[in-house]
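K.L.:
Quick one, what's the 3D model for this:
(2 chains)
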2 protein chains.
Amino acid sequence: MRIVVIGFQSAGLTAAATARLYNRDAEITVIERRSYATYHPCGLPFVIGGEVRELGDLVETAPRLHGVNVRLGVEAKAIDVGEKMVEVLDLKTNREERIPYDKLILATGSVALRPKISGIDLDNIFSLRTIEDGERILAALPGANKAVVVGAGPIGVETASALKERGLDVALVEMLPSILPGMLDPDMAEIVAERLVKSGVRVICSKAVKELRGEGKVSSVVLDGEEIPADLVIMAIGVKPEVELAVKAGLSLGPTKMIAVDDHLRTSNPDIYAIGDCAEARCLITGRPVRSQLATTAIRMGRVAGINAAGGDEIFDGVLNAVVTMAGGLEVASVGLTPTAAKEAGIETVSARVRCLSKPHYFAGAEPVTIRLVAERKEQRLLGGQFIGTGAAERANRLALAIRKGMTTKELSKVDYCYAPPVSDSIDPLVVAAEALLRRR
Amino acid sequence: MRIVVIGFQSAGLTAAATARLYNRDAEITVIERRSYATYHPCGLPFVIGGEVRELGDLVETAPRLHGVNVRLGVEAKAIDVGEKMVEVLDLKTNREERIPYDKLILATGSVALRPKISGIDLDNIFSLRTIEDGERILAALPGANKAVVVGAGPIGVETASALKERGLDVALVEMLPSILPGMLDPDMAEIVAERLVKSGVRVICSKAVKELRGEGKVSSVVLDGEEIPADLVIMAIGVKPEVELAVKAGLSLGPTKMIAVDDHLRTSNPDIYAIGDCAEARCLITGRPVRSQLATTAIRMGRVAGINAAGGDEIFDGVLNAVVTMAGGLEVASVGLTPTAAKEAGIETVSARVRCLSKPHYFAGAEPVTIRLVAERKEQRLLGGQFIGTGAAERANRLALAIRKGMTTKELSKVDYCYAPPVSDSIDPLVVAAEALLRRR
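P.N.:
Modelled structure (predicted):
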């Protein structure tokens, strides 16, 4: 049994490691174009901010892969699906080679999107996706006073906060009407935007970037009716799935233009799996194809494909897209459907927003916690939640589990929870939110 | 409809407030012996430690009880179940009175246990249960250098930590072989004990207190083979349910010697409910009667009884006894059954213990997180968990939900979760624990 994995990020690493655990005899090869091992792109903003000491810390030095043949600096050029061979080019030696497989796992990932606007090729316009991106930004920082971050998703928000911490003037530009779109409703996003503004970041919504100006180096970003001076610009407008290899091999794409997979993560070719940022996911609630493109999804998919490729029978049942980000020191998380996303899927919702405290009012360090809970209107089956404040991530994790198990608001209002004043208030915020939502009947 | 509630702590307050919400017309009276409103006994250790500024902060100044007749300083002396009257004594005026009820809710709570040992009536031997206890301890602190805390449950551990923070020499004495018994297995308890020792608390297990010595004031605590000097002693050996009124009224007690209730929280008299620390709870997993005596259980029971007394039909399905405590700055939580408790209930278990990090290893402030996960052996249905480190409480809350929904270890290993380096590592600790447990098959 020969298993070949293309791509050595979270998805590929997890698939290879899991296949190794599951099947002691399989011959497992990982092919990776990069010259370095798995790294953690989500850590990049924090190298700028200083919470991570250096870029090299983000690269895994000892991946858990005994007996896996990891080939770095080797690019997969094509898949011969008839002969079951991967055609590769060793970038160091320039030698071509054909590597046979019984099962192939595509974990080709994604690349940062670059908008096709005037001036995009000026110097000091960066993405924040690879270690090399990080090196370029760190090199540009000493001479820079003014930064513009384009795109207010999690990475954009974290990068804007990090640049502010480094002492730059920062503007965060979002084309949509509110920041963290997809994660938060506008009223929740407003709370986060206020915190960013308070920390000194200028937040500009509902404005698209028209043009980037400068001579050699970028000097300004042009929006509708405004020109913002910029010594450096970071484009954080999202990622594009790497599907070229799959398309060339004749594999089907899904409606999201990602590689289509079934519930075993098999592509249209039953000997080829696709996982991670290049593979289409399915919403656990609606069953619809969605773009997930999270490290956690990559890892969860990697396990399933690793087991299946190694001879197992494991189902990947879908995603709830649990996401957390830090914005100006504020923990912000979401999971499941926003009311807007539910409406698009034809689901009528009720929702409630509550504001509690992280600890009892009488305890030192009590902070506000804001929660929006969303349920389907008829039976109040839980659909999603948005969380701001300490504990946001773990509350989203708990709600993920509740949604997965089909819980109703009523059931959630009656669960067991812990209480001690240094840690929590006597009524759990998620229970407070469930009770508020119940009163919306 | 006349609803009378006896007791104005978490259970009674919640029942009255919930009945009020549920039934706008009922006449609701709360009878409370104390002269002050609901207070938060779990906050008492932190007044000693300084995280709560003063004792008065623990008393609710504005309970949410519009249109409820709260009678403080009034003691219930007897229940006339035939006439449906509560016989009360106004402690301020010394006047007796009979208060009629249609539905009666007993929320009489519990009192601190005082062991019957020689010297127990010496001065400077305290419980830590009421505001008055807190006043006495605060008054004794200025002259005290050496403290002994007897009982290493959550309150004992928190009190020992608090006294240490106040600069006293502290010994924590536990009769059982390890601290936090009931919450933690001995190997997990050892991690917490080490932290306490590191913070300067002397931890003594497997030793009972034989005698308290002193003249007028306590001066030492005598254990097997050792005498420990003490300027003050805090007895934190647990609480005793207040069931006298119920027994006098002929209500049945359960096997735990608490007031027996059905799944609607009705006592053996269908017009009388019992909730909180005086009422027997049922383990959600085994169905067996258990002592819960947590503020969270009191609140959860209060809601159900409040609705039922007011004419509703609500079930209280049981407890998982989710508990959190802080020990020397370490967050410690547990939920469900320990392997020992499961064995007592005739359930064969498998368990796994893992050590992860609260954040990625490369991120500033990453701390160890230790988890024990317990499942039933055959199908690996989840039974319980023990958690040490940041996020312990919220992880216990999540596991509570998983246990409640009958999840297996396998299912838990596949759930969605959030990840961002400032908040969590890329593989959720609960998932790491589930995977480790799966390998125990």
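K.L.:
So, low pLDDT: which residues of chain A?
P.N.:
For chain A, applying pLDDT under 70 flags the ranges A:62-64, A:441.
K.L.:
Grab the most central residue of it for me.
P.N.:
Nearest residue to the geometric centre of chain A (Cα atoms, centre = their mean): residue A:294, 3.2 Å.
K.L.:
pretty sure it contacts residue A:321?
P.N.:
Yes. Counting by Cβ atoms under 8 Å, residue A:321 is a contact partner of residue A:294 at 6.6 Å. Any C-beta I mention is one placed from the backbone N, CA and C, and that applies to glycine too.
K.L.:
would you list every one of the strands in the stretch 1-150 of chain A?
P.N.:
A:2-6, A:27-32, A:68-72, A:74-80, A:85-90, A:95-100, A:103-106, A:110-112, A:125-126, A:146-150 (DSSP state E, counting those that start in this stretch).
K.L.:
Tell me the buried residues in the third one?
P.N.:
Applying a neighbour-count criterion of 16 or more other Cβ atoms under 10 Å in any protein chain shown, one finds A:68, A:70-71 buried in strand A:68-72.
K.L.:
Make TSV out of those and add distance to chain B.
P.N.:
TSV is the format used below for the buried residues of strand A:68-72 (distance: Cβ to the nearest Cβ, whole Å):
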residue	distance to chain B
A:68	18
A:70	19
A:71	23
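K.L.:
Please pick out the residue of chain A most distant from its centre.
P.N.:
Distance-from-mean max, chain A, by Cα atoms, centre = their mean: residue A:362 at 37.2 Å.
K.L.:
For the residue nearest to that one when sequence neighbours are not counted, list the residues it contacts.
P.N.:
Once flanking residues are discounted, residue A:362 sits nearest to residue B:57: 3.8 Å by Cβ to Cβ, 6 or more residues apart in numbering or on different chains. Listed by Cβ atoms under 8 Å, 6 or more residues apart in numbering or on different chains, the contact set of residue B:57 reads A:362, B:43, B:47.
K.L.:
Can you pick out the ones from the residues you listed that are in helices?
P.N.:
Taking DSSP state H, the ones among the contacts of residue B:57 that sit in helices are residue B:47.
K.L.:
Tabulate the contacts of residue B:57 (TSV), appending distance to residue B:277.
P.N.:
Formatted as TSV, those follow (distance: Cβ to Cβ, whole Å):
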residue	distance to residue B:277
A:362	21
B:43	16
B:47	21
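K.L.:
Please parse chain A into its domains.
P.N.:
A:2-111+A:240-309, A:114-237, A:329-438 (automatic domain parsing).
K.L.:
just the ones you listed: most buried one?
P.N.:
Mean neighbour count (mean count of other Cβ atoms under 10 Å in any protein chain shown) peaks for domain A:329-438 among these, with a mean of 22.
K.L.:
Tell me the secondary structure at residue A:256.
P.N.:
Put simply, residue A:256 is coil when judged by DSSP: H, G, I helix; E, B strand; the rest coil.
K.L.:
ok, it touching residue A:292?
P.N.:
No. Judged on Cβ under 8 Å, residue A:256 makes no contact with residue A:292 at a distance of 9.6 Å.
K.L.:
does the helix or strand encompassing residue A:164 come close to chain B?
P.N.:
In this assignment (DSSP states H and E), residue A:164 forms part of helix A:154-165. Yes. Residues of helix A:154-165 contacting chain B under Cβ under 8 Å from any Cβ of the partner chain: A:154, A:158.
K.L.:
so how far is that helix from its chain's centroid?
P.N.:
15 Å (Cα atoms, centre = their mean, to the nearest Å).
K.L.:
could you point out which element follows it?
P.N.:
Helix A:154-165 is succeeded, C-terminally, by strand A:169-173 (DSSP H and E).
K.L.:
Next, the contact list for the residue of the stretch 101-250 of chain A found nearest chain B, please.
P.N.:
Closest approach between the stretch 101-250 of chain A and chain B, counting by Cβ to the nearest Cβ: residue A:154, at 7.0 Å. In this structure, residue A:154 makes contact with A:180, A:183, A:323-325, B:420, judged by Cβ under 8 Å, 6+ apart.
K.L.:
repeat for residue A:317
P.N.:
For residue A:317, counting by Cβ under 8 Å, 6+ apart, the contacting residues are A:263, A:282, A:284, B:414.
K.L.:
go on, residue A:130?
P.N.:
A:34, A:39, A:41.
K.L.:
same check, this time on residue A:88
P.N.:
Neighbours of residue A:88 in contact, by Cβ under 8 Å, 6+ apart: A:31, A:71, A:74-77, A:96-99.
K.L.:
For chain B, see how far away it is.
P.N.:
Residue A:88 sits 28 Å away from chain B, going by Cβ to the nearest Cβ, to the nearest Å.
K.L.:
what sits opposite that residue in the beta ladder?
P.N.:
Beta-bridge pairing for residue A:88 (DSSP bridges): residue A:76, residue A:97.
K.L.:
what does residue A:325 give?
P.N.:
Legend: beta-bridge partners of residue A:325 under DSSP bridges are residue A:332.
K.L.:
ok, it touching residue A:158?
P.N.:
Yes. Using Cβ under 8 Å, residue A:325 makes contact with residue A:158 at a distance of 5.9 Å.
K.L.:
list the residues that contact both of those two?
P.N.:
With Cβ under 8 Å, 6+ apart, residue A:325 and residue A:158 have common neighbours residue B:420.
K.L.:
Tell me where chain A has helices.
P.N.:
Under the criterion DSSP H, helices of chain A are mapped to A:10-22, A:44-49, A:131-140, A:154-165, A:186-198, A:244-248, A:295-309, A:339-344, A:392-404, A:409-412, A:429-438.
K.L.:
Would you tell me which residues of the stretch 201-350 of chain A are close to chain B?
P.N.:
Applying Cβ under 8 Å from any Cβ, we find that the stretch 201-350 of chain A lies next to chain B at A:284, A:294-296, A:299-300, A:303, A:317, A:319-326, A:331, A:333, A:335.
K.L.:
List, one by one, the residues from the stretch 51-200 of chain A near chain B.
P.N.:
By Cβ under 8 Å from any Cβ, the residues of the stretch 51-200 of chain A that approach chain B are A:51-53, A:57-58, A:154, A:158.
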